[in-house]
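J.: sequence and predicted model, in that order:
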Amino acid sequence: MNTDNIAYLTVINWPDRLSEDKRIEALVGSAAMDPFQAKLACRRNLPGVMATIDADVRPHILNAMHKHGVLCIAPTHDEIESYPQAQIALGIQQFPDADPARFVVELNNGKHWTFRPDQVKLLVSGHIKSSTTTVDVDHNAPDSGGMNTDVRINRNTKVLDLLDLHIRVEDQLRLVRLIGPRTRIGIVGDTSRRSLLDDSRPIEMAQILMPDAQFDTEFHDFDPPGNIRRLAAKKGRKSGSLTMESWEFYSPWVGLIKQAMYGW
């Protein structure tokens, strides 16, 4: 199946009346899933990608799922790829006396633009992991027989916090990405401002600053589609689902779910 013509069957919520057997039956009957794969899929955290399907038949699959009372969508690969590209922010500052409150975004390309807290529709918070392996070889390590080569393998895992802001400014949706300690947030004119992600609970700080936004903190439980895992593996990622490739899929995917549900 070509990635240009696939969609991701996404269950947002199962009806309480549907038992696990009925959920399996719905996936098998609607999306022609293998029963064993359907059993695994229906146990995933929600929202979750149940299967990768042919985009040409998604209306039929969605209609069949809806007849079972399942709240679901099936965004295509093209729709996720067409979501606004993330703008990497070097800083976000609040104007101290603005009423209503207003922020300015400083991008890594030197450009700036402003937004109001009520224009922030969604914040997606999570972290990714990256692992590196180094090998140290000591050719002069002695043993009882003379000279010996001593090999030491060192593995290091780095955790990087991420926060994506989905902001609608003048009918244009923008995606701003805050990456760990790189991004500073504070008051305009304050040179000692800390990173938002230096805070041990960054999402709580964001909730105070942007109370009208919806929040998603479930990336750690996300099971990415197989093609996203394979893409990460090709790039040498060895951290399971917590990769940048998974994040770059997850954040727009959640954005499309929220748009479908709330119409922003």
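T.: Yep, it's here.
J.: switch to C-alpha atoms for all contacts and neighbour counts from now on
T.: Fine.
J.: tell me which stretches of the stretch 1-150 of the chain form strands.
T.: Using DSSP state E, counting those that start in this stretch, the strands of the stretch 1-150 of the chain run over residues 6-13, 48-54, 71-73, 86-94, 103-107, 112-115, 120-143, 146-169.
J.: pull up the pairing partners for the fourth one, direction included.
T.: I take that to be strand 86-94. Taking DSSP bridges as the criterion, strand 86-94 forms sheet pairs with strand 103-107 (antiparallel), strand 172-179 (parallel), strand 184-187 (parallel).
J.: now swap in the second one and tell me
T.: If you go by DSSP bridges, strand 48-54 pairs up with strand 6-13 (antiparallel).
J.: tell me the contacts of Leu162?
T.: Ser125, Gly126, His127, Ile128, Arg177, Leu178, Ile179, Gly180, Leu197 (C-alpha atoms under 8 Å, 6 or more residues apart in numbering).
J.: any idea how far it lies from Arg177?
T.: 7 Å (C-alpha to C-alpha, to the nearest Å).
J.: then Ala260?
T.: Ala260 is 22 Å from Arg177, by C-alpha to C-alpha.
J.: who has more neighbours, these two?
T.: More crowded of Ala260 and Arg177, by other C-alpha atoms under 10 Å: Arg177, with 21 against 13.
J.: just the pLDDT at that one, thanks.
T.: In the predicted model, Arg177 carries a pLDDT score of 94.
J.: bridged to it, which residues?
T.: Per DSSP bridges, the residues bridged to Arg177 are Ile88, Asp164.
J.: quick one: contacts for it?
T.: Per C-alpha under 8 Å, 6+ apart, neighbours of Arg177: Ala86, Gln87, Ile88, Ala89, Leu162, Leu163, Asp164, Leu165.
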